[in-house]
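*Asks:* Sharing a model prediction with you, sequence too.
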Amino acid sequence: MKNTVNLLAKASEELKNEQEPGNSSFDPYEITIKHHLIFWLIYFAFNTLRWGSYFDDYEYSVKTNIIGFPIHMALTYLNIYVLMPKFVYTRKYLSYTILVICALFVMLLAKYNLTYYLVSTNVWPEGPEPIQNLTFNYGIQMMLGELYVVSFVTAIKLTIDWLRERNKLYEMEKRQLSTELRFLRLQVSPHFFFNTLNNIYSLTLTKSDKAPIVILKLSELMRYLLYATDKRRQSLTNEIECLQNYIDLERIRFDENLEVNISISGDLTDKEISPMLLMPLIENSIKHGVSKNLGKNKIGLDITVLEDFLYFELTNSCPQDRKPNTTSKNFGGIGLSNVKKRLELGYEPEDYKLNLIDKGHTFIIKLKLRV
């Protein structure tokens, strides 16, 4: 019982460690000040060369870009960090549109006056004709050009935000799957441990020679549950050894009323399996077959490894008056539901095939699994 408590405590501690902020994974889409500086420097250099070659006057291009880029940056950051969060994300689209137009108009006045007084009175040399006044056409062109810059940078920011959210969602799903798989692996029936402990108590009262053997096998089983199930995959040899310990304990529990025939063949070397995947299958046969059947009970277990696949077949006897059950949603019990869920979470669909055959007096489980 103490080992069972330790097992649950260990799982809870692992879950807590996973959820602690210090254990959060690195965000590959984090935008730092360095990224902002690099982006604007590259954009500034590109724009300077572009307009410098267009006017054949790089000095003029540098001056106008020195004036223009602080305006670009101010409008861009105002949009992506203030206006969009407060108005677009809250669906206040009309207010957002009005404020953007107002911001563009303020930008227009600032750019016109700074260019006129600090660079040249000809504020629009690339226009259809030289102008020295704030005209309607000049205003429309400058506002559209500024809107282009803001839209371009906003699109980059939204794309990065989308990638970041998708990455967070993926990490969250992966963590949830990992947690779900861990607790599914730990779902060995507590009734088994209580029954085993009661058996040990009875054996010690009669000073049976079986008591030390039962304690040793229970200890080995608990050690496997505590330490071996941390890994995503476990040696198939260790998994089968765990099954044999479990079966040996049940043999002692049912004494001569349980007959188990085990056949293992094939090369188990370097084969791996999700830990505690096969245990619920054995437990299911005991719970729904042997424990409900008076008299002699038989379990046949055949484990074969061929190339990269494990062929697992388990046959157990059921009460003679039991009728086949092939329509119930709970067909097979909780143990088999556990296995089905773990197969879905831990394996690709083409890597496994689970068949359940209910003949009433006999229940057969067939599992083909890539190992």
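*Replies:* The structure has been received and is ready for your questions.

*Asks:* quick one: the helices in the stretch 151-300 of the chain?
*Replies:* Secondary structure of the stretch 151-300 of the chain (DSSP state H, counting those that start in this stretch): helices at 190-205, 210-227, 236-254, 279-288.

*Asks:* Need those helices in JSON lines (columns: mean neighbour count).
*Replies:* From N, CA and C alone the C-beta is placed, and that goes for glycine too. Output for those, formatted as JSON lines (neighbours: other C-beta atoms under 10 Å):
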{"stretch": "helix 190-205", "mean neighbour count": "15"}
{"stretch": "helix 210-227", "mean neighbour count": "16"}
{"stretch": "helix 236-254", "mean neighbour count": "19"}
{"stretch": "helix 279-288", "mean neighbour count": "23"}
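
*Asks:* Would you convert the ones you listed into a markdown table that also reports distance to V260 and mean pLDDT?
*Replies:* Listed next are these as a markdown table, based on distance: least, C-beta to C-beta, whole Å; pLDDT from 0 to 100:
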| stretch | distance to V260 | mean pLDDT |
| --- | --- | --- |
| helix 190-205 | 15 | 76 |
| helix 210-227 | 14 | 82 |
| helix 236-254 | 5 | 86 |
| helix 279-288 | 9 | 80 |
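
*Asks:* Can you say which of these is nearest to D308?
*Replies:* With C-beta to C-beta as the measure, helix 236-254 is the member of the helices of the stretch 151-300 of the chain nearest D308 (11.6 Å).

*Asks:* where does the protein have low pLDDT?
*Replies:* In the predicted model, the chain carries pLDDT under 70 at residues 1-27, 174, 176-192, 228-230, 288-295, 319-334.

*Asks:* Please parse it into its domains.
*Replies:* Domain ranges of the chain: 25-181, 196-370, per automatic domain parsing.

*Asks:* Burial-wise, tell me which of these comes out on top.
*Replies:* domain 196-370 (a mean of 16; mean count of other C-beta atoms under 10 Å).

*Asks:* First-to-last residue distance for that domain?
*Replies:* Length of domain 196-370, first residue to last, C-alpha to C-alpha, to the nearest Å: 33 Å.

*Asks:* Kindly report the same for stretch 348-367.
*Replies:* Stretch 348-367 has its terminal residues 14 Å apart, counting by C-alpha to C-alpha.

*Asks:* Could you do stretch 355-366 as well?
*Replies:* With C-alpha to C-alpha as the measure, stretch 355-366 spans 5 Å from end to end.

*Asks:* How about stretch 260-274?
*Replies:* 24 Å.

*Asks:* What lies in contact with that stretch?
*Replies:* Applying C-beta atoms under 8 Å, 6 or more residues apart in numbering, the set of residues contacting stretch 260-274 from outside is 181, 185, 232-237, 239-240, 244, 247, 250-251, 298-306, 310, 342, 346-347, 369, 371.

*Asks:* Let me have the helices of the stretch 151-300 of the chain in JSON lines, adding distance to L37 as columns.
*Replies:* Converted to JSON lines, the helices of the stretch 151-300 of the chain look like this (distance: least, C-beta to C-beta, whole Å):
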{"stretch": "helix 190-205", "distance to L37": "60"}
{"stretch": "helix 210-227", "distance to L37": "49"}
{"stretch": "helix 236-254", "distance to L37": "54"}
{"stretch": "helix 279-288", "distance to L37": "57"}
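
*Asks:* and the nearest residue to P130 once chain neighbours are set aside, helix, strand or coil?
*Replies:* Leaving out its chain neighbours, the residue that sits closest to P130 by C-beta to C-beta, 6 or more residues apart in numbering is N122, at 4.9 Å. Secondary structure for N122, judged by DSSP: H, G, I helix; E, B strand; the rest coil, is coil.

*Asks:* How about Y117?
*Replies:* On the basis of three-state DSSP, Y117 is classed as helix.

*Asks:* Tell me the spacing between it and G145.
*Replies:* Counting by C-beta to C-beta, to the nearest Å, the gap from Y117 to G145 is 20 Å.
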